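Asker: here you go, sequence then predicted model.
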Amino acid sequence: MAKITAPKGTRDILPDEIYKWQYVEKTFSELCELFGYREIRIPTFESTEVFKRGVGDTTDVVQKEMYTFLDKGGRSISLRPEGTAGVARSFIENGMGSLPAPVRLFYNITAFRYENVQKGRYREFHQLGLEAFGSYGPEIDAEIISLLSAFFERLGLNSVKIRINSIGCPVCRKDYNAKLKKHIEPNLTNMCKTCNDRFEKNPLRIIDCKEEKCKAITKDAPALIDNLCSDCEEHLKELKKNLDILSISYEIDRNIVRGLDYYTRTVFEFVSDHVGTQGTICGGGRYDGLIEEFGGTSTPGIGFALGVERLLMEMEAQQIAAIQPKDPMVYIANLGSEGADMAKKISAKLRKVNVSCQVDLMGRSLKAQMKYASKMNFNYTIVLGEEEIKTGKAKIRNMKNTTEKEIILSDIDLLDFSKEINT
RNA sequence: GUGGGAUUAGCUUAGUCGGUUAAAGCGCCAGUUUGUGGCACUGGAGAUCAUGGGUUCAAGUCUCAUAUUCCACCCCA
């Protein structure tokens, strides 16, 4: 029989590392709440249509990377490749357009993409993200970027760079595309196949091509950021101003394009160089047309998603330790069946007052029990045997400094384990 | 979808020119005079050598395919 293993591109997160995840998740949710965001949980899978319309029918994510299948009722279902489309669907379905604006939502999800695995890239991966609906102004763009900046600061991460760009709106993009195509057309035959496809479908993406020959041609191409319509120009200007007010440092990266169709105007990335070539820890932007695309009343939106795996790699690289869980408090070693019974009773008492404790349930030798308590980093050990049961008294041993103190067993739940027990 | 490296015990690895019972450290379990951990010592369990073919008297070792993993292209978080 073949070995059973986790599917390609998935992995187990084991107890020894889970505290890092919990730390990051907790830091994120606390910060989001400080900014007025409330958590939303959306389905792991949606009708395929949600992603086709939301993320974009022509994107690689939808065309090549989605886990799509027919369910037993013949519905086309897809595992979510990202969070925004599902949140937007939920926004409309639950009438959130009539809530006081802006509607601020955050989420913690797994997402799925059928891609080849490499550093910082998995088929099932985790995203922390948020979306804000209902505000056109650049103020909220700046607020979101400042939230992210505060998040990295709280984690102690420096050297994560903020890059922003504007990719305009349908109005300026139309003019710009024409200009860009004019610039590229004479050299089109020298460009890669993908760029030739993009030339018709989405010329903007040609700027993003990594192939040397294409880069050479696009090097002097007009940049969208220099060809914005007056409204988009103003938006970007105000965004910069707001970031300055918040003392956020950033750089303009005119090459950020984003591969998801819904983005308009502001796009941004938080980039590190510790995650191999998958340096984008976080990506996001504005999507003023998305809700309308879904058939809702026109509502602007902006959001981001950050890759938890990549974030943890960055923390690892910068040697930033997550807050570790506390060591377990009391181990109750016991001998004989009476000792075992007493140990069970005492453990129940301790748990009632929220003291973490464990009892030997395997009838092991005292020595083996002590070894276990030591290896599991218990703070204290109590031994219960014939003598302790007879006298009602026992010694509590501080495992960190090997001192012992006598205690009355009937009063054990009155001990203050929140402080170091002086011995 | 396209390249390149890797795969031997739970983990990290050794394994000569193809040669007989696959080795070590860590970890796990137990013991070192019977009720006290960390150190030391002794012993034990644990491996279809990723899977499936092929070459050979003989394959962990050579060869092909597949899977997985790592890295890169592409794309994205």
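Answerer: Perfect, thanks for sending it. Bear in mind the structure is a predicted one, so any value in this text is a computation, not a measurement.

Asker: stretch A:381-396 - what's its average pLDDT?
Answerer: Average pLDDT, stretch A:381-396: 94.

Asker: and that stretch, C-alpha only, in CSV?
Answerer: Output in CSV follows, covering the C-alpha atoms of stretch A:381-396 (Å, rounded to 0.1, in the frame of the first residue of the first chain):
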residue,chain,number,x,y,z
THR,A,381,5.4,18.7,40.3
ILE,A,382,3.4,17.2,43.2
VAL,A,383,3.9,13.5,44.1
LEU,A,384,0.9,11.6,45.5
GLY,A,385,1.5,8.3,47.2
GLU,A,386,0.5,6.4,50.3
GLU,A,387,2.1,8.8,52.7
GLU,A,388,0.5,12.0,51.2
ILE,A,389,-2.9,10.4,51.3
LYS,A,390,-2.5,9.4,54.9
THR,A,391,-1.3,12.9,56.1
GLY,A,392,-3.2,15.0,53.6
LYS,A,393,0.0,16.9,53.0
ALA,A,394,2.4,16.9,50.0
LYS,A,395,5.5,18.6,48.7
ILE,A,396,5.2,20.8,45.7
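
Asker: where do the helices sit along chain A?
Answerer: Applying DSSP state H to chain A gives helices spanning A:15-34, A:48-54, A:60-64, A:84-93, A:138-155, A:170-184, A:193-201, A:212-218, A:230-245, A:290-293, A:308-317, A:336-352, A:366-375, A:386-391.

Asker: save these as CSV, and put in distance to RNA strand B and mean neighbour count too.
Answerer: The C-beta positions use only the backbone N, C-alpha and C, and glycine is treated the same way. CSV is the format used below for those (distance: least, Cβ to the nearest atom of the strand, whole Å; neighbours: other Cβ atoms under 10 Å):
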stretch, distance to RNA strand B, mean neighbour count
helix A:15-34, 11, 15
helix A:48-54, 12, 20
helix A:60-64, 4, 16
helix A:84-93, 8, 22
helix A:138-155, 11, 20
helix A:170-184, 15, 16
helix A:193-201, 6, 14
helix A:212-218, 9, 16
helix A:230-245, 19, 16
helix A:290-293, 13, 21
helix A:308-317, 5, 21
helix A:336-352, 8, 16
helix A:366-375, 3, 15
helix A:386-391, 4, 14
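
Asker: can you redo those helices as CSV with distance to residue A:122?
Answerer: CSV is the format used below for the helices of chain A (distance: least, Cβ to Cβ, whole Å):
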stretch, distance to residue A:122
helix A:15-34, 14
helix A:48-54, 19
helix A:60-64, 15
helix A:84-93, 19
helix A:138-155, 21
helix A:170-184, 33
helix A:193-201, 24
helix A:212-218, 28
helix A:230-245, 32
helix A:290-293, 26
helix A:308-317, 6
helix A:336-352, 38
helix A:366-375, 32
helix A:386-391, 52
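
Asker: for those helices, which one sits closest to residue A:268?
Answerer: In terms of Cβ to Cβ, the element of the helices of chain A nearest to residue A:268 is helix A:138-155, at 6.1 Å.

Asker: list the contacts for residue A:78?
Answerer: Counting by Cβ atoms under 8 Å, 6 or more residues apart in numbering, residue A:78 touches A:45, A:46, A:47, A:48, A:50, A:51, A:66, A:67, A:68, A:69.

Asker: residue in chain A nearest to RNA strand B?
Answerer: Closest approach between chain A and RNA strand B, counting by Cβ to the nearest atom of the strand: residue A:259, at 0.5 Å.

Asker: for residue A:21, give me its contacts.
Answerer: Residues counted as contacts of residue A:21 (Cβ under 8 Å, 6+ apart) are A:13, A:126, A:308, A:312.

Asker: out of the residues you listed, which comes closest to residue A:36?
Answerer: Of all the contacts of residue A:21, residue A:36 sits closest to residue A:308, with 22.5 Å by Cβ to Cβ.
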